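**Student:** heads up, no residue letters with this:
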């Protein structure tokens, strides 16, 4: 009898151990990628927060006021006095430093500016600015042309944002990422910085004022007795 031997079918494909290894390696890489989370090169790495592009910064800023003076003026007008009052109020709320009173020299209105400087000092002192805090200086002005103003200035810690109005990108072409444009939110940040009563409020909140113990006791007693705890006012108030 002849021994039975296994023959290979001519239609069977040969064994490929390398192919099985490559498929297993690709599957492992895919599973590894799913487990690591978001890639750092995705859109999450692109900052789209307007507060990061236009941050509010607390810094020292020079506050200026220019008062136009005509050559023939010898007395502060009502408008000048009101403007100086507002300047003095802003100074007292924001600074305790020096106020520079800069007068033009060499211009047609230099004599009138020197006359008004004494009245300006008196007005500022009357509004609460100490006289030693006001320093007079001169600057060279042109003999002809526009009237050289009297400039008042002081340094104060101020909250600022911006500058706004910058358009470094073309909005018509840069829309594929569906992101905010560069100037987006700048005006809102600048307005918020201008409305802050004190720049230090952005750094740390203020301390709480003492409680009204008498009012608190009254409200608790009314609440316990079932009485309305709201405050009422008369028509005369």
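**Tutor:** Alright, I've got the coordinates. A quick note: this is a predicted structure, and the numbers were derived from the prediction, not measured. Numbers count the residues shown, from 1 in each chain.

**Student:** how close does the residue most central in space within the chain sit to residue 162?
**Tutor:** In the chain, the residue lying closest to the centroid (Cα atoms, centre = their mean) is residue 56, at 2.7 Å. Taking Cβ to Cβ, to the nearest Å as the measure, residue 56 falls 10 Å from residue 162. Just so you know, the C-beta spots here come from the backbone N, C-alpha and C atoms, and that holds for glycine as well.

**Student:** quick check: neighbours shared by those two?
**Tutor:** residue 189 (Cβ atoms under 8 Å, 6 or more residues apart in numbering).

**Student:** quick one, helices of the protein?
**Tutor:** Shown for the chain, the helices assigned by DSSP state H span residues 17-35, 50-53, 78-94, 110-126, 186-195, 213-225.

**Student:** now for those, which one comes closest to residue 72?
**Tutor:** helix 110-126 (6.6 Å; Cβ to Cβ).

**Student:** got the buried residues for that closest one?
**Tutor:** Under the neighbour-count criterion of 16 or more other Cβ atoms under 10 Å, helix 110-126 has 110, 112, 113, 114, 116, 117, 120, 121, 123, 124 buried.

**Student:** can you read off the pLDDT for the first one?
**Tutor:** Going back to what we said before, that points to residue 110. In this model, residue 110 is scored at 91, pLDDT.

**Student:** for it, give its distance to residue 151.
**Tutor:** 13 Å.

**Student:** where in this protein is pLDDT low?
**Tutor:** For the chain, the stretches with pLDDT under 70 are 1-47, 145, 174-176, 233-237.

**Student:** how about 50 then?
**Tutor:** Scanning the chain with the threshold set as pLDDT under 50 gives 1, 4-7, 9-13, 15, 35-43, 45.

**Student:** hmm, back to that, look up how far residue 204 lies from the residue nearest to the centre of the chain.
**Tutor:** To residue 204, residue 56 is 14 Å away according to Cβ to Cβ.

**Student:** kindly report the same for residue 147.
**Tutor:** 45 Å.

**Student:** who's more crowded, those two?
**Tutor:** Each of residue 147 and residue 204 has its neighbours counted (other Cβ atoms under 10 Å); residue 147 has more, 16 against 7.

**Student:** separation between the more buried one and residue 97?
**Tutor:** For residue 147, the distance to residue 97 (Cβ to Cβ) stands at 28 Å.

**Student:** is residue 180 in contact with residue 54, as I believe?
**Tutor:** No - taking Cβ atoms under 8 Å as the definition, residue 180 is not a contact partner of residue 54, at 10.8 Å.

**Student:** and the contacts of stretch 88-97?
**Tutor:** 63, 99, 123-124, 127-129, 133, 154-158.

**Student:** swap the cut-off to 6 Å and go again
**Tutor:** Stretch 88-97 is contacted by residues 124, 127, 128, 129, 154, 155, 156 when judged by Cβ atoms under 6 Å, 6 or more residues apart in numbering.
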